[in-house]
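Q: Compute the structure for the input listed below.
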Amino acid sequence: MGMPSNDKVGIVTACCLTLFAGTSGAAPAARNRLATYANPVDLPYRYQAPVSIPRLQLMPGQPYREAADPALVLFKGQYWLFASHSKGYWRSTDLLHWSFVEASGYAVDKFAPTAVVMGGRMFLATSEATKRIWTTDDPMSGRWTEAATISSGYQDPDLFLDDNSRLYMYDGLAPSGPLHAYELDPKTLQPLARVDIPQSRSKETRGWEVPGDHNEKTANLSFVEGSWMTKYKGRYYLEYSAPGTESKTYANGMLVADKPMGPFTYQAYSPFAVKPTGFIAGAGHGSTFQAKDGRWWHAGTMTISRRHIFERRLGLFPTRFTAKGEILADTYLGDYPHYLDGDRGLTGWMLLSRSKAVTASSKLNEFPAENAVDEDVRTWWSAKTGGSDEWFQVDLGEPKQIEAVQINFADEGSAGIGISKDVYNYVLELSNDGRTWRSVIDRSAAGRDAPHDYEVLPKADQARFVRLRNVHSPDGGKFSLYDLRVFGRGYGAKPAKVGYAQATRDAVDGRKAAISWAPAKGADFYVVRLGVRPDLMNQNYQVYDGQTSVAVASLNLGAKYCFVVDAVNENGIARGDTVRCMP
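A: Prediction:
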């Protein structure tokens, strides 16, 4: 839902997913290179009107796009994606191509919608104590009718139908107190019983529940919210989110029970879905669902939170259950291109554009061109206008094999409100010498509202220079980019493997640890993988700019941790093969 210092909104697009850390490297040539995605999901996120509350509206007067708290369900052979404040929802048959359905009849402007399929119909509730539940048997029509009036509404609700046809509601959103579980009458939708879930909060023993981009704000209140129930092999998996939607550390913990209303047991490997670093961070408040082919996914909330705390996007992450019943979402390089099919692993296309030399047609005030290659969605470059004479260029330093680009438009100066009816028009060009250009993607006539436009080239191409030439910027905005991310391969060698590494648990606060390692020859950056067992290293931290250490504060007291460090460059990943553990 939308609460200061911790809320969620969900959205999924046709282009973003992520798998487990173990699936990196080149994929077989036979795989469909066009069936790939890169987070954040490329949806036409709705504009929200600016508000006059400084603690929420961080950049006064600026509209912002938002979607969060995704609830993704399968109904009549199609996927339906509901998200906060979106005035509708999306549908897909393949998790790759999405179309928007503008809806009516329910509270389309509330946070955290939840949906469940029951008796051949879909039922929907929303957050913000909304005192109604709605239903439809034809979500494609966009029309919903009231199914029940309820005496008191819910906060961040989650409807769950057990396989014995008993219906439950989970909810909770607050800086104190527990989550709640209700059994509902499946005919009247009224509550029959309620229990509290005290295991859903313990900031004092769970570092990942501490607010802040680095779990550093120990004195701040931690918002616990975003329930979602999954049943697997007779057990009940209740995920919840903390510490706050504006934090890069926004993540999901896991509680497990043998009965739908508990008692629940906290899982020490929590958080099961977390992404604190990279181009865009966050994997919080969302939903876990099983696809038509039986594979599991987690849809989560990712943070920009620059113009407004609730400036958010959606991410899609491959998820699995281990043989022992643990559930893990794979967020390793979770905003790099991944295959949608098979093991849903990394394509092996590395980022070629970070920190490269750039030139641009113009620059607006404090938005320099370097911001568009810094691998940080919270900064951006803006031209002075949205005119057709504006352009942005990256010099990759030498010829590279280019496979795909992700064009992240920043909407600087946009006057957009609500659902945009406008589109981005541009041309992407490549050059070997910076003088003679060839067009590889032409959206000059047929653009779309795609703020995180992920485009796979028709075939791999070789070039040193990449230029994005503006044709039209939508909604009166200026030509601006969070980042132009270029993916492919260099022609050099992978980095050497990381050798020596060590970790020290904080003697005063066991939620913290310091990890360091010896530099690896040829590494552009490192990824530290961390978890409670060598086969459960589900946390990962990307470390840049020559740094060979990282401080983490996401640990659970009483749990032991193991880690390994990978080295990464434009030619691939050298995965660490020496796992070390600390008490």
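Q: chain center to stretch 211-223: distance?
A: 20 Å (Cα atoms, centre = their mean, to the nearest Å).
Q: Start and end of that stretch, how far apart?
A: Stretch 211-223 stretches 8 Å from its first residue to its last (Cα to Cα, to the nearest Å).
Q: Which pLDDT does the model give residue 18?
A: As predicted, residue 18 sits at a pLDDT of 32.
Q: got it, and the one 10 residues further on?
A: We note a pLDDT of 41 for residue 28 in this prediction.
Q: contacting residues for the nearest residue to residue 578 once chain neighbours are set aside?
A: Excluding the flanking residues, the one nearest residue 578 by Cβ to Cβ, 6 or more residues apart in numbering is residue 564, at 6.7 Å. (Glycine included, C-beta is placed from N, CA and C.) By Cβ atoms under 8 Å, 6 or more residues apart in numbering, residue 564 lies in contact with 501, 528, 529, 537, 575, 576, 577, 578, 579, 580.
Q: Residue 564 bridge partners, please.
A: For residue 564, the beta-bridge partners are residue 529 (DSSP bridges).
Q: Most neighbours out of the contacts of residue 564, which is it?
A: Compared across those, residue 528 has the highest neighbour count, 25 neighbours, by other Cβ atoms under 10 Å.
Q: Pretty sure that one sits against residue 540.
A: Yes. Between residue 528 and residue 540 there is a contact under Cβ atoms under 8 Å: 6.6 Å.
Q: any weak-confidence spans in the stretch 51-200 of the chain?
A: Residue ranges of the stretch 51-200 of the chain with pLDDT under 70: none are present.
Q: Just say helix, strand or coil for residue 412.
A: Secondary structure state of residue 412, per DSSP: H, G, I helix; E, B strand; the rest coil, is coil.
Q: In strands, which of the contacts of residue 564 fall?
A: Residues of the contacts of residue 564 located in strands (DSSP state E): 501, 528, 529, 580.
Q: Considering those residues, which is situated nearest to residue 62?
A: The nearest member of the ones in strands among the contacts of residue 564 to residue 62, counting by Cβ to Cβ, is residue 528 at 35.0 Å.
Q: Quick check: chain neighbours aside, which residue is closest to that closest one?
A: Leaving aside its sequence neighbours, residue 528 sits nearest to residue 541 (Cβ to Cβ, 6+ apart; 4.6 Å).
Q: Contact partners for that neighbour?
A: By Cβ under 8 Å, 6+ apart, residue 541 lies in contact with 276, 277, 527, 528, 530, 550, 552.
Q: Can you give me the neighbour number for the residue lying closest to the second one once chain neighbours are set aside?
A: Read that as residue 277. Leaving aside its sequence neighbours, residue 277 sits nearest to residue 542 (Cβ to Cβ, 6+ apart; 4.2 Å). Residue 542: 22 surrounding residues under other Cβ under 10 Å.
Q: Then the one 10 residues further on?
A: Taking other Cβ under 10 Å as the neighbour definition, residue 552 ends up with a count of 23.
Q: Distance check, the residue nearest to it when sequence neighbours are not counted against residue 557.
A: Excluding the flanking residues, the one nearest residue 552 by Cβ to Cβ, 6+ apart is residue 513, at 5.5 Å. According to Cβ to Cβ, to the nearest Å, residue 513 stands 12 Å off from residue 557.
Q: Those two: which is more packed in?
A: In this view residue 513 and residue 557 are compared by other Cβ under 10 Å, and residue 513 has more residues nearby, 21 against 13.
Q: partners of that one in the sheet?
A: Residues in a beta bridge with residue 513, per DSSP bridges, are residue 505, residue 552.
Q: wait, it sits on residue 550?
A: No. Contact status for residue 513 versus residue 550: not in contact, 9.2 Å apart, counting by Cβ under 8 Å.
Q: just to revisit the earlier point, and the ones in strands among the contacts of residue 564 as CSV, adding pLDDT and distance to residue 362?
A: Compiled in CSV, the ones in strands among the contacts of residue 564 are given as follows (pLDDT from 0 to 100; distance: Cβ to Cβ, whole Å):
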residue, pLDDT, distance to residue 362
501, 97, 45
528, 98, 39
529, 98, 42
580, 97, 50
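Q: for those, which one is nearest residue 454?
A: Nearest to residue 454, judged by Cβ to Cβ, of the ones in strands among the contacts of residue 564 is residue 529 at 25.3 Å.
Q: ok, now which ones touch the closest one?
A: Going by Cβ under 8 Å, 6+ apart, the list of residues near residue 529 reads 21, 332, 537, 539, 540, 563, 564, 565, 566, 576.
Q: cool, residue 411 as well?
A: For residue 411, the contacting residues are 63, 65, 451, 474, 475, 477, 480, by Cβ under 8 Å, 6+ apart.
Q: pLDDT score assigned to it?
A: On the pLDDT scale, residue 411 gets 98.
Q: now do residue 296
A: In this prediction, residue 296 carries a pLDDT score of 98.
Q: Could you check the longest strand seen in the chain and say which residues are buried?
A: Taking DSSP E as the assignment, the strand of the chain that covers the most residues is strand 452-472. In terms of neighbour count (16 or more other Cβ atoms under 10 Å), strand 452-472 has its buried residues at 452-457, 463-472.
Q: quick check, nearest of the contacts of residue 541 to residue 287?
A: When the contacts of residue 541 are compared for distance to residue 287 (Cβ to Cβ), residue 276 wins out at 20.5 Å.
Q: The closest one: what's it in contact with?
A: 213, 214, 248, 249, 251, 539, 541, 554.
Q: which one of those residues sits closest to residue 118?
A: If you rank the contacts of residue 276 by distance to residue 118 using Cβ to Cβ, residue 251 comes first, at 30.0 Å.
Q: The closest one touches residue 285, doesn't it?
A: No. Taking Cβ under 8 Å as the definition, residue 251 is not a contact partner of residue 285, at 9.6 Å.
Q: Now do the shared contacts for those two.
A: Residues touching both residue 251 and residue 285 (Cβ under 8 Å, 6+ apart) are residue 241.
Q: Looking at these two, which is more packed in?
A: residue 285 (37 against 31).
Q: roughly how far is the helix or strand hosting the more buried one from the heart of the chain?
A: For residue 285, the element it lies in under DSSP states H and E is strand 281-290. Remark: strand 281-290 is offset 7 Å from the chain centroid, using Cα atoms, centre = their mean.
Q: Packing partners of the helix or strand just after that strand?
A: Later in the chain than strand 281-290, the nearest helix or strand by DSSP H and E is strand 296-303. Other elements packing on strand 296-303 under the criterion 3 or more Cβ pairs under 8 Å, 6 or more residues apart in numbering; DSSP states H and E are strand 71-75, strand 281-290, strand 312-321, strand 327-329.
Q: Make CSV out of those and add distance to residue 351.
A: Below are the helices and strands packed on strand 296-303 laid out as CSV (distance: least, Cβ to Cβ, whole Å):
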stretch, distance to residue 351
strand 71-75, 27
strand 281-290, 16
strand 312-321, 17
strand 327-329, 21
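Q: SS state for the nearest residue to residue 418 once chain neighbours are set aside?
A: Spatial nearest neighbour of residue 418, excluding adjacent residues (Cβ to Cβ, 6+ apart): residue 47 at 5.9 Å. Three-state call for residue 47 (three-state DSSP): strand.
Q: Go ahead and confirm residue 47 touches residue 65.
A: Yes. With contacts defined as Cβ under 8 Å, residue 47 counts as touching residue 65 at a distance of 5.7 Å.
Q: Neighbour count: these two, which is higher?
A: Neighbours were tallied for residue 47 and for residue 65 using other Cβ under 10 Å; the higher tally belongs to residue 65 (25 against 19).
Q: any idea which helix or strand carries the more buried one?
A: Take DSSP H and E as the rule and residue 65 turns out to sit in strand 64-66.
Q: what pairs with that strand, and is each one parallel or antiparallel?
A: Within its sheet, strand 64-66 is paired with strand 46-48 (antiparallel), according to DSSP bridges.
Q: Would you mind pulling the contact partners of the strand it pairs with?
A: Taking Cβ under 8 Å, 6+ apart as the rule, strand 46-48 contacts 63-67, 85-87, 308, 310, 414, 416-420, 475.
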